[in-house]
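A.B. asks: Dropping a prediction and its sequence here:
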Amino acid sequence: MKICVINNLYPPYNRGGAEIVAENQVKQLVLQGHQVFVVTTRPFTRFLPPNIKKLEENNVSVYRFYPWNFFSIYFIEKYGYPVRIIWRIIDVFNFCSYYRIKKILEEEKPNIVYAHNLTGIGYLLPRLLKKLAIKHIQVMHDVVLAYPTGLLLKNKEESFENRFFLRKIYEAICRFLFNSPAEVHFPSVWLKNFYEQRNFFPQSEKKIVSNFVIHKENLLIGKKLKSPGKINFIYTGRAEQHKGILFLIKIFSQLGIANCRLLVVSSGTLFNEAKTLAKKNSAISFENWQSMGKTRELLNLSDYCVVPSLCYENAPTAIFESLEAKVPVIASNLGGIPEFVEDGVNGYLFEAGDSASLTNIIKKLTK
């Protein structure tokens with residue numbers, strides 16, 4: 001069977017877990033004997049001709065192009081909200097992407113299209129797939145069809161920007177454009193419920209499909225430290241406010257526990273700010289964002305992974321990478337996270353944004 005996988009970005013251009021999920025899906029489909037090709041974008045910071053470039057990457061055909069817009073989704077954090085609003089309007093109705101992808105699909109004639117994150121490619125794709133009568137399987141990663149940033153922060157659910165009429169119009173447009181793909185895959189029950197409550201995908205077959213193998217064995221019984229007398233914590237994720245990186249560093253800076261170490265493996269707009277915040281604390285060290293293989297090596301040297309998200313997460317990649325490495329996870333009790341981290345079994349849960357809740361767990365572990 002011929003299958004197309006579409007995502008706004010594709011390795012080596014990674015912003016988050018969706019790129020890893022898309023890459024892993026491509027590898028699995030190839031192993032299953034399918035003929036697979038990828039459609040994605042190339043990062044850019046200025047207007048460029050939307051030329052399509054076909055490359056062979058790891059024995060898979062990858063089509064990369066520049067969608068017509070001011071800049072690539074890859075660099076979106078660099079720009080302020082006024083510019084992002086204009087960018088978003090163009091992105092939702094990106095006819096350039098529509099016709100570029102139409103040309104590719106008409107030439108390749110796939111049986112199935114797996115569509116992942118379409119922000120940065122355009123939301124007209126579902127309509128195109130329906131027109132071409134290609135089976136459309138939509139893989140959801142976050143709340144982006146209801147909230148343009150893809151983020152819903154705890155205690156900000158009823159903020160002005162979330163209640164603003166333009167956001168509600170945006171949600172209604174997304175509901176109309178996406179309509180009802182043949183199937184919609186959700187990595188968590190929480191995300192499935194989120195979209196069902198907002199009447200998305202009314203006629204679609206909805207499935208819970210995990211992006212990774214879920215490991216729920218007890219990792220706390222007989223737990224031994226990797227370095228006797230020292231507890232090594234690790235954070236692997238974007239250096240962004242909603243990920244809770246500054247919240248985590250502030251807590252570790254206040255702990256003052258001699259045998260406690262934190263390694264931050266990250267990149268993003270707050271990376272330098274995080275380093276400055278931790279400058280006087282020798283117990284906190286930093287590594288630039290690593291490949292999955294290198295991250296696994298660092299996880300193997302760690303005792304606990306901390307996922308301090310301040311937003312409603314769906315299924316953070318950091319959790320699955322950590323559990324696969326048999327490293328217990330200390331995570332916010334928010335969104336889909338409790339579906340994967342069982343408190344007292346493969347990790348611990350704390351109230352998102354509650355410093356006392358997280359501090360108590362760390363102190364208990366360092367006694």
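C.D. replies: It's in. Quick caveat, the model's predicted, so the values are computed rather than measured. Numbers count the residues shown, from 1 in each chain.
A.B. asks: Please report how far residue 237 lies from residue 55.
C.D. replies: To residue 55, residue 237 is 29 Å away according to CB to CB, to the nearest Å. C-beta coordinates here come from the backbone N, C-alpha and C atoms, glycine included.
A.B. asks: out of the two, which sits in the more crowded spot?
C.D. replies: Neighbour comparison, residue 237 and residue 55: the larger count goes to residue 237, with 25 against 10 (by other CB atoms under 10 Å).
A.B. asks: quick one, what contacts the more buried one?
C.D. replies: Neighbouring residues of residue 237 by CB atoms under 8 Å, 6 or more residues apart in numbering: 243, 245, 266, 307, 316, 318.
A.B. asks: And the strands in the chain?
C.D. replies: Assigned by DSSP state E, the strands in the chain fall at 2-6, 35-41, 52-57, 60-65, 112-115, 135-139, 183-186, 205-208, 231-238, 260-267, 284-288, 304-307, 329-332, 347-350.
A.B. asks: Quick one: closest of those strands to residue 88.
C.D. replies: strand 35-41 (15.5 Å; CB to CB).
A.B. asks: Quick one: mean pLDDT over the closest one.
C.D. replies: For strand 35-41, mean pLDDT is 97.
A.B. asks: how about that strand as CSV, C-alpha atoms only?
C.D. replies: C-alpha atoms of strand 35-41 as CSV (Å, rounded to 0.1, in the frame of the first residue of the first chain):
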residue,chain,number,x,y,z
GLN,A,35,5.6,2.3,0.1
VAL,A,36,5.9,5.6,2.1
PHE,A,37,6.7,9.2,1.2
VAL,A,38,6.7,12.3,3.3
VAL,A,39,5.4,15.8,2.6
THR,A,40,6.8,18.6,4.8
THR,A,41,8.2,22.1,4.8
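A.B. asks: hmm, back to that, out of the contacts of residue 237, which one sits closest to residue 221?
C.D. replies: residue 307 (21.4 Å).
A.B. asks: for the nearest residue to that closest one once chain neighbours are set aside, what are its contacts?
C.D. replies: Nearest residue to residue 307 in three dimensions, chain neighbours excluded: residue 331, at 4.0 Å (CB to CB, 6 or more residues apart in numbering). Applying CB under 8 Å, 6+ apart to residue 331 gives the contacts 306-309, 316, 319, 337, 341, 347-350.
A.B. asks: And stretch 212-228, how far out from the chain middle?
C.D. replies: From the chain centre to the centre of stretch 212-228 is a distance of 24 Å (CA atoms, centre = their mean, to the nearest Å).
A.B. asks: quick one, the one helix or strand in the chain whose mean pLDDT sits lowest and strand 231-238 angle?
C.D. replies: Ranking every helix and strand in the chain by mean pLDDT, DSSP states H and E puts helix 292-300 at the bottom, with a mean of 82. On the basis of axes from the mean of the first three to the mean of the last three CA atoms, to 10 degrees, helix 292-300 is oriented at 150 degrees to strand 231-238.
A.B. asks: pretty sure residue 53 is in contact with residue 63, am I right?
C.D. replies: Yes. When contacts are counted by CB atoms under 8 Å, residue 53 is listed as touching residue 63 (7.3 Å).
A.B. asks: Comparing these two, which shows the higher neighbour count?
C.D. replies: residue 63 (23 against 10).
A.B. asks: coming back round to it: residue 354: which of the contacts of residue 237 is nearest?
C.D. replies: Residue 354 lies nearest to residue 307 out of the contacts of residue 237, by CB to CB, at 14.3 Å.
A.B. asks: Any figure for the gap between the closest one and residue 31?
C.D. replies: Here the distance between residue 307 and residue 31 works out to 29 Å (CB to CB).
A.B. asks: So the two - more neighbours on which side?
C.D. replies: residue 307 (26 against 8).
A.B. asks: got a list of what that one touches?
C.D. replies: Residue 307 neighbours (CB under 8 Å, 6+ apart): 235, 237, 313, 316, 318-319, 329-332, 337.
A.B. asks: what sits against the nearest residue to residue 244 once chain neighbours are set aside?
C.D. replies: The shortest distance from residue 244 to any non-neighbouring residue, by CB to CB, 6+ apart, is to residue 308 (3.4 Å). Going by CB under 8 Å, 6+ apart, residue 308 touches 235, 243-245, 247-248, 331-332, 352, 358.
A.B. asks: Just give me the neighbour total for the closest residue to residue 62 other than its chain neighbours.
C.D. replies: Nearest residue to residue 62, sequence neighbours excluded (CB to CB, 6+ apart): residue 38, at 4.4 Å. Close neighbours of residue 38, defined as other CB under 10 Å, add up to 23.
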